[in-house]
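Peer 1: here's my sequence, what's the structure:
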Amino acid sequence: MNVFHGGDGRHLEMTNGGTAVFVDVLMLAVSALARAPWDFRFAALLTLQDQNVMGRGVVGFGLAELEWGDTPQERAAAKGFLLRVLDLALSRHRWEELTYEPARVEGYLRTYRSMVEEFDPESATAGTSVLPGPDEAAMASCVRHRVLDALPFWEACVFCTAGV
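Peer 2: Sure thing, here's the model as predicted:
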């Protein structure tokens, strides 16, 4: 099982297939909205949830493990971005391009959105960030799939590694 942790012991546990769908729809949304450096770093973190590269059943991260920013404004901007990504994914942004029906993903997205909304970035654990650094931000785009890819980690997007 892959686990994404929120605050206060809340978590979202998904099967390998559920996680793949969750990451796919989030990549479609994050790629459309990323503008600021933190956004591209979060996109890079999503690419690291690609089980075709990282392995099945071993991905996930906790909201408390993210580096949300140093100031209240930075933390609010990062949280706002993540909520906008989830809202765009919930609007079924580009789902018609998927080669499958994303069953159950709406429930996963709603649960995760609730976890993010309730999470206080001020409670993040200092010094333990899983968020890739600025030099590892996902700035390149996969021309074929029109999403951010995993550079500098590997030369493919989540759809390319899935063979889509």
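Peer 1: C-alpha from now on. contacts and neighbour counts both.
Peer 2: Noted.
Peer 1: worst-scoring helix or strand of this protein, pLDDT-wise?
Peer 2: helix 51-54 (a mean of 86; mean pLDDT, DSSP states H and E).
Peer 1: name the helices or strands packed onto the helix or strand just after that helix?
Peer 2: Counting by DSSP states H and E, the next helix or strand C-terminal to helix 51-54 is helix 72-90. Counting contacts by 3 or more C-alpha pairs under 8 Å, 6 or more residues apart in numbering; DSSP states H and E, helix 72-90 packs against helix 16-33, helix 37-47, helix 105-118.
Peer 1: in the longest one, which residues are buried?
Peer 2: Right, helix 16-33. For helix 16-33, burial by neighbour count (16 or more other C-alpha atoms under 10 Å) applies to 16, 18-33.
Peer 1: leaving out sequence neighbours, find the closest residue to the residue nearest to the spatial centre of the chain.
Peer 2: Residue closest to the mean C-alpha point of the chain, counted by C-alpha atoms, centre = their mean, is Leu46 at 3.9 Å. Closest residue to Leu46 apart from its sequence neighbours, by C-alpha to C-alpha, 6 or more residues apart in numbering: Val23 at 6.6 Å.
Peer 1: contact partners for that neighbour?
Peer 2: Shown in contact with Val23 (C-alpha atoms under 8 Å, 6 or more residues apart in numbering): Leu46, Thr47, Gln49, Asp50.
Peer 1: now Thr19
Peer 2: Applying C-alpha under 8 Å, 6+ apart, the residues near Thr19 are Asn2.
Peer 1: also Val143?
Peer 2: Counting by C-alpha under 8 Å, 6+ apart, Val143 has no contacts.
Peer 1: mind checking pLDDT for it?
Peer 2: Confidence at Val143, expressed as pLDDT, is 94.
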